[in-house]
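Engineer: My questions concern the predicted model and sequence given below.
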Amino acid sequence: MPSIQITQSDTKPWHRYPYLWMMILIPFSAVIMGVIMISLAIESSSGLVVDDYYKQGKEINRILARDDMANSMGLTAQLVLDPDNGKLVVDVSSANDAVLADRLELNFFHSTREGKDQSRTLHRVTGNTYTTRIERLPAGRWNVQISNKKWRLVGSMKTPGAIISQLTPASL
């Protein structure tokens, strides 16, 4: 009869095997990353989806007409911001001495975060000089727009640091 020999095998507990931990940690890390990605998707909204593309297209045509009007009027503006007290002074100039309204709209659009955008009304002080106060702009690149119903001027500035910005009609 054949004899059976029993040898003493490795009797380490299961948690002492490194390959077993690797096999456990790979799926576990995928679950953790999935939870992180879901929480980021819920917390932040990109705001990139437009419901009505036709309406958006009509709006683009209206904006282009406002740019053409500002160009034909020869409008430019210089924006001076005092970051310490939030006072903003805008000097609008016209090549053909166009009569401007007593109030203009001023918009600061953040390049990446729509929630940080600011809108203000500029009030005429003297001649074609307008002023308003704004909240401190967080650091980043800002698109600036001065407009009324007929025309608009656009430009950009970077904060902190920029206190003077030139605005011109948008060109194609």
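Structural biologist: Good, I have the coordinates. Residues are numbered from 1 along each chain as shown.

Engineer: gap between stretch 67-81 and the chain center?
Structural biologist: Taking CA atoms, centre = their mean, to the nearest Å, the mean C-alpha location of stretch 67-81 is offset from the chain mean by 23 Å.

Engineer: Which parts of this structure belong to which domain?
Structural biologist: The chain breaks down into these domains under automatic domain parsing: 15-40, 74-167.

Engineer: how many neighbours does the closest residue to residue 170 other than its chain neighbours have?
Structural biologist: Nearest non-adjacent residue to residue 170, counting by CB to CB, 6 or more residues apart in numbering: residue 67, 4.5 Å away. For the C-beta atoms, the positions are set from N, CA and C on the backbone; glycine is no exception. Neighbourhood size, residue 67 [other CB atoms under 10 Å]: 19.

Engineer: same check, this time on residue 78
Structural biologist: By other CB under 10 Å, 15 other residues sit near residue 78.

Engineer: dump the residue contacts of it.
Structural biologist: For residue 78, the contact set (CB atoms under 8 Å, 6 or more residues apart in numbering) comprises 90, 91, 93, 164, 165, 166, 167.

Engineer: I'd say the fourth one and residue 79 touch.
Structural biologist: Yes: applying CB atoms under 8 Å, one finds residue 164 in contact with residue 79, separated by 6.9 Å.

Engineer: higher neighbour count, these two?
Structural biologist: residue 79 (23 against 9).

Engineer: Go through the host helix or strand of that one and flag the buried ones.
Structural biologist: According to DSSP states H and E, residue 79 maps onto strand 75-82. For strand 75-82, the buried set under the neighbour-count rule, 16 or more other CB atoms under 10 Å, comprises 75, 76, 77, 79, 81.

Engineer: quick revisit: hey, which of the domains of the chain is tucked in deepest?
Structural biologist: The highest mean neighbour count among the domains of the chain, using mean count of other CB atoms under 10 Å, belongs to domain 74-167: a mean of 15.

Engineer: and stretch 139-154, how far out from the chain's middle?
Structural biologist: Averaging C-alpha positions (CA atoms, centre = their mean) puts stretch 139-154 14 Å from its chain's average.
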